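Asker: Here's a sequence, model it:
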Amino acid sequence: MSAMDSTKALYIRNIIFGVEDSLVSTVGLLAGIATQTPRSVILLTGIVYICVEGFSMAVGSFLSEEATEEYLSRDKVGFKQSVIGSIVMLFSFILAGLIPIAPYIFIESKSAIAVSIIASLIALFILGLASGKMSRTGMVSRGLRMAILAGIAIFIGIMVGQFVSIG
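Answerer: Alright, predicted model coming up:
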């Protein structure tokens with residue numbers, strides 16, 4: 001694999017992972033707490049979550065990319081590529097996290113839940129389409145797979161929020 005292909009793979013891996021994880025975990029978290037929480041707390045929770053988790057994912061990306069490169073080269077490597085991957089992860093995660101948060105800014109919580117879930121599932125389907133196009137493996141099947149698998153995780157967040165009542 002050429003250096004250019006390796007860099008492209010790094011970007012693709014971090015974008016897909018960052019966007020998918022952010023959409024799923026943010027919408028699942030917000031939908032899970034939205035039925036029991038005021039709108040201001042939902043927004044604060046969502047914003048704090050995407051910032052903290054985005055940074056955490058960036059650190060994880062940096063460490064794993066560096067370890068992978070060192071394993072493959074059997075030697076210490078410069079960390080430029082690992083830093084780039086972590087920055088891509090950070091921005092992918094934070095920007096994608098705004099999709100499930102946005103409805104809570106403009107719509108009351110009960111309706112915002114549905115809009116947030118639908119917008120996130122559409123974004124996940126589009127991400128799957130893009131993944132399928134890049135890998136030439138079937139856009140629609142990748143879109144459906146992404147939306148369905150992520151939808152299961154979203155459903156888990158909603159169910160936990162429904163069954164675990166605090167207060």
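Asker: Show me where this structure dips below the pLDDT cut-off.
Answerer: Counting by pLDDT under 70, the ranges of the chain that qualify are 1, 109, 165-167.
Asker: Distance of E108 relative to T45?
Answerer: Applying C-beta to C-beta, to the nearest Å, the value for E108 to T45 is 17 Å. For the C-beta atoms, the positions are set from N, CA and C on the backbone; glycine is no exception.
Asker: Now name the helix or strand holding the nearest residue to A119 once chain neighbours are set aside.
Answerer: Nearest in space to A119, with sequence neighbours left out and distances taken as C-beta to C-beta, 6 or more residues apart in numbering, is I99 at 5.5 Å. According to DSSP states H and E, I99 maps onto helix 80-106.
Asker: Do I have it right that the residue nearest to A119 meets A123?
Answerer: Yes - taking contacts as C-beta atoms under 8 Å, I99 lies within contact range of A123: 5.2 Å.
Asker: Find the residues that touch each one of these two.
Answerer: Residues touching both I99 and A123 (C-beta atoms under 8 Å, 6 or more residues apart in numbering) are L23.
Asker: and the strand or helix carrying M146, what does it pack onto?
Answerer: Element membership for M146 (DSSP H and E) is helix 139-163. Contact partners of helix 139-163 among helices and strands, from 3 or more C-beta pairs under 8 Å, 6 or more residues apart in numbering; DSSP states H and E: helix 3-34, helix 109-135.
Asker: What is the first one packed up against?
Answerer: Packing contacts for helix 3-34, counted by 3+ C-beta pairs under 8 Å, 6+ apart, involve helix 39-73, helix 80-106, helix 109-135, helix 139-163.
Asker: ok so, going back, ok, now which ones touch the residue nearest to A119?
Answerer: So I99 contacts L23, T26, V27, S116, A119, S120, A123 (C-beta under 8 Å, 6+ apart).
Asker: S6 too?
Answerer: Contacts of S6 (C-beta under 8 Å, 6+ apart): Q81.
Asker: Distance of it relative to L72?
Answerer: To L72, S6 is 10 Å away according to C-beta to C-beta.
Asker: Any buried residues in stretch 18-36, and which?
Answerer: Residues 18-34 are the ones in stretch 18-36 that count as buried (16 or more other C-beta atoms under 10 Å).
Asker: same thing with stretch 152-167?
Answerer: Buried-residue list, stretch 152-167, by 16+ other C-beta under 10 Å: A153, I154, G157, I158, G161.
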